[in-house]
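K.L.:
A structural model of the following input is requested.
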Amino acid sequence: MSGDFTPDQKRYLEGFVSGLSAARVAKGGVGKAGNPGEPTGPDAIHIKAQDRTIAGGGKLADQEKFKRELHPFDAYPKLREQAQNNEPPKPADNFRWRYFGLFYVAPAQSSYMCRLRIPNGILTHWQFAGLADVAEKYAGPYSHVTTRANLQLREIQPANATNVVEAIQDLGLCSRGSGADNIRNVTGSPTAGIDPQELLDTRPYAREWHHHILNDRSLYGLPRKFNVAFDGAGRIAVLEDTNDIGFQAVAVKDGFGVEPGIWFRLTLGGITGHRDFARDTGVIVKPAEATAVSDAIVRVFIENGNRTDRNKARLKYVLDAWGFDRFLIAVEERLGRPLARVPAEAIEPRPAFDRLAHIGMHRQKQDGLNWIGIVLPVGKMTVAQMRGIATIAREHGDGDIRLTVWQNLLISGVPSDRIASVETEIAALGLSTNATAVRAGLVACTGSTGCRFAAAHTKENAEEIALWCDARVSLDTPVNIHLTGCHHSCAQHYIGDIGLIGARVSIDDDGDTVDGYHIHVGGGFGPEAAIGREIYRDVKAEAAPHVVERMLKGYLAHRISAEETFLAFAKRHEVDALKSLFDTEAE
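P.N.:
Numbers count the residues shown, from 1 in each chain. Down below sits the predicted model:
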């Protein structure tokens, strides 16, 4: 018999040894010669942070205990065994398997959802078609585009968990670290490299950070999830100000003590579900140094984030406790050098984004070529539609498919003389390149259909709102309507012109409830960043289309001019005044 171990056996032994090491550390054992209790290896930074929490009298959150007892990446043989037995995971493993992008979503669905990693949201036509094959063979025959320019597959039985993970890897993609306490999918400008107004092509920087994460185990197991986005100043907003780290391409003027040219402006602490945008730090970063700076920021967070209270475990709360100056000093100590700082007047005004640039035909910087934005009904595509889109991208475009944070996608590199053919073929798939002012900004999370946290069927209700309002309101300007199912705010309801968050609405004195929403008004992003204010509570889902109709009609009837946006209109009034104006539109 050969003395060589199989890959699975090697992984099992590595996990076994890692578990013994963690156990010894917990008991004060020797982790390194001459230094009792000192953890070593790529997980040491996390074990030390946990130890400091315990030494300070704190308790570890359950998720921290799960990671400490058995690191998810050492547990793949266990996931494979569960798949062979078609066995659903218990809570600890349900958390661990999210490190592989797998979320068991019972009781909403007795199956896994798998979330991918697609840096900058761009993949090839053959990868897209291949994912359609994966969905058809191992999951529900559809996919969802997410608000991180990513894809999700759903209705994956436990027996197919490892089949899906491995089939995705066979396509040159992965799902590693796309869930749980890890750095999530890296977003970037969807029109990177083709946008006439961009200052910087974000693709190489998103890709470099993506691979840096994938190849460094110490960057997994953070106190909580972490988001990073790169905005190249193109026409389509990336919502980088809703991320823990936002890199904004800017032009720096001469005469301010730094080399003039294109830099990234660094913003930190975005988490709109907690009502906070990333704030400008005054720091600018050379694009080539973005990965090093990100790495240092994440490591300061790893060492100092909250390991006890999951509600306070995001970067925002370290910044709130320390202040930005202290945090940036710690980052500089990690880097071993100072960060460059410039005053606001050193930055040229950034080009404005276009709220409709992700829908329809738009000219690229390359002569004679165009990108075409396809409207997806709240981000959902069937496998037949996926294959059809892949074929169109291959035969008429440059072969790339570009996902956006607005839950739709672009086909790029389409010659002008083929636009009509492309639009016809897209229509034949049951999709469109045109959207009403309501549908162009309609965003919805998975909702109760596929998420146990949600209090309403957001995707279905979003469709109902669009159908109802399109038939009754003639909007001449985009209005973003975001529906999110729960406090996690995956659809970022706080930044919508109109934002709806799921709620159970009481219907009698016996405690019976139905799907419903609390409704917010006046959210924004980018230069107009604002957190929406609550205007209505406990609106039944069946009544939501009527309420949104009144809000839109109230805006049209009382705005100063056709140039006044919904956001500007909402900001001009207090909530009670808005409610009075909207209620006058009731039938």
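K.L.:
how close does residue 76 get to residue 131?
P.N.:
Here the criterion is CB to CB, to the nearest Å. By it, residue 76 lies 22 Å from residue 131. In short, each C-beta sits where N, CA and C put it, glycine included.
K.L.:
ok, those two, which is more surrounded?
P.N.:
Shown here are residue 76 and residue 131; by other CB atoms under 10 Å, residue 131 has more neighbours (25 against 20).
K.L.:
does residue 333 sit in a helix or strand, and which one?
P.N.:
Element membership for residue 333, per DSSP states H and E: helix 324-335.
K.L.:
Output the contacting helices and strands for the helix or strand following that helix.
P.N.:
Per DSSP H and E, the first helix or strand lying C-terminal to helix 324-335 is strand 340-341. Here strand 340-341 touches strand 279-285, going by 3 or more CB pairs under 8 Å, 6 or more residues apart in numbering; DSSP states H and E.
K.L.:
CA-only coordinates of the strand it packs on, as PDB, when you get a sec.
P.N.:
Taking Å, rounded to 0.1, in the frame of the first residue of the first chain, the C-alpha atoms of strand 279-285 are listed here in PDB:
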ATOM      1  CA  ARG A 279     -16.900  58.500   5.500                       C
ATOM      2  CA  ASP A 280     -14.000  60.300   3.700                       C
ATOM      3  CA  THR A 281     -10.800  59.800   5.700                       C
ATOM      4  CA  GLY A 282      -8.800  62.500   3.900                       C
ATOM      5  CA  VAL A 283      -6.500  59.800   2.800                       C
ATOM      6  CA  ILE A 284      -5.600  59.100  -0.800                       C
ATOM      7  CA  VAL A 285      -4.100  55.800  -2.000                       C
END
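K.L.:
what helices or strands is the following helix or strand past that strand leaning on?
P.N.:
Proceeding C-terminally, strand 279-285 gives way to helix 290-304 as the next helix or strand, assigned by DSSP H and E. With contacts defined as 3+ CB pairs under 8 Å, 6+ apart, the packing partners of helix 290-304 are helix 44-55, helix 203-214, strand 245-252, strand 261-268, helix 315-322, helix 324-335.
K.L.:
Run through the stretch 301-450 of the chain and note the low-pLDDT ranges.
P.N.:
Applying pLDDT under 70 to the stretch 301-450 of the chain picks out no residues at all.
K.L.:
Now with 90, please.
P.N.:
Low-confidence segments of the stretch 301-450 of the chain, defined by pLDDT under 90: 378, 435-437, 440-441.
K.L.:
Which residue ranges of it form strands?
P.N.:
340-341, 360-363, 369-374, 380-382, 400-403, 409-415, 442-444 (DSSP state E, counting those that start in this stretch).
K.L.:
can you check the stretch 101-250 of the chain too?
P.N.:
Here the stretch 101-250 of the chain has its strands, by DSSP E, counting those that start in this stretch, at 102-104, 112-115, 122-124, 142-145, 151-156, 187-188, 228-231, 245-252.
K.L.:
for the strands of the stretch 301-450 of the chain, which one sits closest to residue 183?
P.N.:
Proximity to residue 183 (CB to CB) singles out strand 400-403 among these, at 18.1 Å.
K.L.:
Please name the strands paired to the closest one in the sheet, noting orientation.
P.N.:
Strand pairing for strand 400-403, determined by DSSP bridges: strand 122-124 (antiparallel), strand 409-415 (antiparallel).
K.L.:
Quick check: buried residues in the first one?
P.N.:
If I follow you right, that is strand 122-124. Across strand 122-124, burial judged by 16 or more other CB atoms under 10 Å covers 122-124.
K.L.:
next one: that strand to chain centre, how far?
P.N.:
17 Å (CA atoms, centre = their mean, to the nearest Å).
K.L.:
Repeat that for stretch 59-66.
P.N.:
On CA atoms, centre = their mean, the centre of stretch 59-66 falls 24 Å from that of its chain.
K.L.:
which of the strands of the stretch 301-450 of the chain sits most buried?
P.N.:
Ranked by mean neighbour count, these are led by strand 442-444 with a mean of 28 (mean count of other CB atoms under 10 Å).
K.L.:
List the contacts of it.
P.N.:
Here strand 442-444 makes contact (CB atoms under 8 Å, 6 or more residues apart in numbering) with 147, 378-379, 406-407, 458-459, 461-462, 465-466, 480-484, 491-492, 496.
K.L.:
Distance check, the spatially closest residue to residue 210 that is not a sequence neighbour against residue 453.
P.N.:
Leaving aside its chain neighbours, residue 210 sits nearest to residue 119 (3.7 Å; criterion: CB to CB, 6 or more residues apart in numbering). Between residue 119 and residue 453 the computed distance is 27 Å (CB to CB).
K.L.:
Surely residue 350 is in contact with residue 248?
P.N.:
Yes: here residue 350 reaches residue 248: they are 7.1 Å apart, a contact under CB atoms under 8 Å.
K.L.:
Common neighbours of the two, please.
P.N.:
Contact criterion CB under 8 Å, 6+ apart; residues shared by residue 350 and residue 248: residue 233.
K.L.:
closest one to residue 229 among the helices and strands packed on helix 290-304?
P.N.:
strand 245-252 (5.5 Å).
K.L.:
ok, and what's touching that closest one?
P.N.:
198-200, 202, 205, 226-233, 240, 258-268, 270, 278, 284-285, 287, 290, 294, 297, 342, 346-348, 350.
K.L.:
Could I get the contacting residues of residue 161?
P.N.:
79, 82-83, 97, 102, 112 are the contacts of residue 161 under CB under 8 Å, 6+ apart.
K.L.:
Looking at the residues you listed, which one is closest to residue 333?
P.N.:
For the contacts of residue 161, the residue nearest residue 333 by CB to CB is residue 97; the value is 35.7 Å.
K.L.:
For burial, what's the neighbour tally of residue 141?
P.N.:
When counting by other CB under 10 Å, one arrives at 14 neighbours for residue 141.
K.L.:
which ones are touching residue 347?
P.N.:
Going by CB under 8 Å, 6+ apart, residue 347 touches 250-253, 265.
K.L.:
Distance to residue 429 for these - can I get that in CSV?
P.N.:
Formatted as CSV, these follow (distance: CB to CB, whole Å):
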residue, distance to residue 429
250, 39
251, 40
252, 45
253, 47
265, 40
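K.L.:
farthest-separated two in the residues you listed?
P.N.:
Largest separation among the contacts of residue 347 by CB to CB: 253 and 265, giving 13.0 Å.
K.L.:
So for the two, which sits in the more crowded spot?
P.N.:
residue 265 (22 against 14).
K.L.:
OK, contacts around the more buried one?
P.N.:
By CB under 8 Å, 6+ apart, the residues touching residue 265 are 247-250, 280, 283-285, 347.
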